[in-house]
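J.: no sequence on this one, just coordinates:
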Ligand code: PEP
Ligand code: MN
């Protein structure tokens with residue numbers, strides 16, 4: 001449920017309204033927009049009398065929100081959210097370019113890649129330290145040591161770092177990580193989402209392999225319900241019957257998400273296609289469709305990569321993608 005306030009509402013009136021609503025056991029979400037202030041009510045709103053709320057002096061209109069996601073809903077927060085990550089921003093015209101290897105493999109590898117992606121225009125460095133692999137016999141990541149190496153690359157390049165968490169017990173190791181990624185396989189790990197909701201960390205939430213847009217937004221809602229609104233959504237392709245690509249990039253998810261939510265939406269064309277030569281066209285399509293950023297896997301030696309070499313771009317190919325993307329985003 002939302003209450004749109006009249007322009008002349010004073011701070012005192014807003015406070016009175018907020019405490020009245022909170023006294024009824026509701027969470028109150030206030031959005032001071034460019035043109036309007038909107039009060040979003042979360043919780044058991046069934047007991048709220050629409051007519052009583054509408055009749056209050058400062059209230060212009062009252063609407064019930066039919067979608068099950070509330071805090072993530074654009075109706076609650078009509079303006080795009082801007083998420084600040086270190087010295088960079090994502091959303092509302094701020095385009096993020098997150099690049100780096102699938103997994104951190106060595107000091108030399110991550111520092112070398114970090115320097116080259118930065119030179120091409122990346123705004124954040126990615127690299128997996130804890131890797132969710134389909135086979136338990138595949139490289140599982142350098143774990144805590146991988147995070148240390150990312151921090152070293154951050155100290156050298158100044159790029160904020162993005163890395164995936166698989167277990168909430170590992171949170172202490174992520175203290176200096178700028179963006180915590182929740183991978184596709186954990187999108188509905190609700191205990192993990194709840195734990196992340198108790199932090200103030202920026203969360204990059206990837207869409208699950210077989211999850212709907214609504215389910216992605218409900219997962220964001222789990223994090224937001226705990227008080228953490230720093231979320232970047234990531235479309236990374238979904239599983240379909242097609243086999244020429246690793247997944248099928250759902251480009252239409254971009255405009256749909258932009259309509260439904262105020263949260264920024266980035267696209268990962270690497271996991272979406274699984275094939276390096278398809279990454280550029282999909283990156284351009286995503287930028288043209290209104291994405292707020294891209295996440296691209298880059299390796300200094302894709303043939304020798306311990307993970308996802310086939311979809312990894314060389315630094316030169318990544319540079320070429322960046323130049324073309326910049327022409328689209330202006
Ligand atoms: C990744 O980004 O390294 C990753 C494992 O991606 P996803 O969770 O989208 O498969
Ligand atoms: Mn990968």
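T.: Yep, it's here. If you're wondering where the values come from, they're calculated on a predicted model, not measured in any experiment. Numbering: from 1, shown residues only. Ligands and ions are numbered 1, 2, ... in the order given.

J.: Show me what from the stretch 151-300 of the chain comes close to ligand 2.
T.: Taking C-beta under 5 Å from the ion as the test, the list of the stretch 151-300 of the chain residues beside ligand 2 is empty. Quick note: C-beta positions are derived from backbone N, CA and C, even for glycine.

J.: Helices along the stretch 151-300 of the chain, start to end?
T.: 190-197, 213-225, 253-260, 269-273, 276-288 (DSSP state H, counting those that start in this stretch).

J.: Could you save the ones you listed as TSV and add columns showing distance to residue 9, mean pLDDT and mean neighbour count?
T.: As requested, the helices of the stretch 151-300 of the chain are exported to TSV (distance: least, C-beta to C-beta, whole Å; pLDDT from 0 to 100; neighbours: other C-beta atoms under 10 Å):
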stretch	distance to residue 9	mean pLDDT	mean neighbour count
helix 190-197	30	98	18
helix 213-225	25	98	22
helix 253-260	27	98	18
helix 269-273	45	98	26
helix 276-288	39	98	20
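
J.: nearest to ligand 1, of these?
T.: Across the helices of the stretch 151-300 of the chain, the minimum distance to ligand 1, taken as C-beta to the nearest ligand atom, is reached by helix 269-273, at 4.3 Å.

J.: That closest one and ligand 1 in contact?
T.: Yes: contact of helix 269-273 with ligand 1 is found when judged by C-beta under 6 Å from any ligand atom, involving residue 271.

J.: For residue 24, find the nearest of the helices of the stretch 151-300 of the chain.
T.: Distance to residue 24, taken as C-beta to C-beta, is lowest for helix 213-225 among these, at 17.7 Å.

J.: wait, what's in contact with residue 71?
T.: When contacts are counted by C-beta atoms under 8 Å, 6 or more residues apart in numbering, residue 71 touches 29, 40, 42, 221, 224, 225, 229.

J.: ends of stretch 244-262, how far apart?
T.: Length of stretch 244-262, first residue to last, C-alpha to C-alpha, to the nearest Å: 33 Å.

J.: Is that stretch in proximity to ligand 1?
T.: No: applying C-beta under 6 Å from any ligand atom, one finds that stretch 244-262 is not in contact with ligand 1, the shortest distance being 8.4 Å.

J.: next one: stretch 298-314
T.: No: figure legend: stretch 298-314 not in contact with ligand 1 (C-beta under 6 Å from any ligand atom); closest approach 7.1 Å.

J.: With adjacent residues omitted, what lies nearest to the residue of the stretch 201-330 of the chain found nearest ligand 1?
T.: For the stretch 201-330 of the chain, the residue positioned closest to ligand 1 under C-beta to the nearest ligand atom is residue 236, at a distance of 3.9 Å. In this structure, residue 236 finds its nearest non-sequential neighbour in residue 268, 4.0 Å apart by C-beta to C-beta, 6 or more residues apart in numbering.

J.: wouldn't the one you found be in contact with residue 293 here?
T.: No: applying C-beta atoms under 8 Å as the test, residue 268 and residue 293 come out as separate, 9.8 Å apart.

J.: Spell out which parts of the chain neighbour ligand 1.
T.: Remark: the part of the chain in contact with ligand 1 comprises 102, 128, 132, 183, 184, 185, 206, 236, 271, using C-beta under 6 Å from any ligand atom.

J.: Please indicate which of those are buried?
T.: Burial by neighbour count, 16 or more other C-beta atoms under 10 Å: within the residues of the chain next to ligand 1 this picks out 102, 128, 183, 184, 206, 236, 271.

J.: Now distance to residue 175 too, for these, in CSV please.
T.: What follows is these, written out as CSV (distance: C-beta to C-beta, whole Å):
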residue, distance to residue 175
102, 23
128, 18
183, 20
184, 25
206, 22
236, 26
271, 27
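
J.: Out of those, list just those in strands.
T.: residue 206 (DSSP state E).

J.: and of the buried ones among the residues of the chain next to ligand 1, the nearest to residue 307?
T.: The nearest member of these to residue 307, counting by C-beta to C-beta, is residue 102 at 4.2 Å.

J.: Now the helices of the stretch 151-300 of the chain in a markdown table, please, with extra columns for distance to residue 329.
T.: What follows is the helices of the stretch 151-300 of the chain, written out as a markdown table (distance: least, C-beta to C-beta, whole Å):
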| stretch | distance to residue 329 |
| --- | --- |
| helix 190-197 | 29 |
| helix 213-225 | 23 |
| helix 253-260 | 13 |
| helix 269-273 | 15 |
| helix 276-288 | 6 |
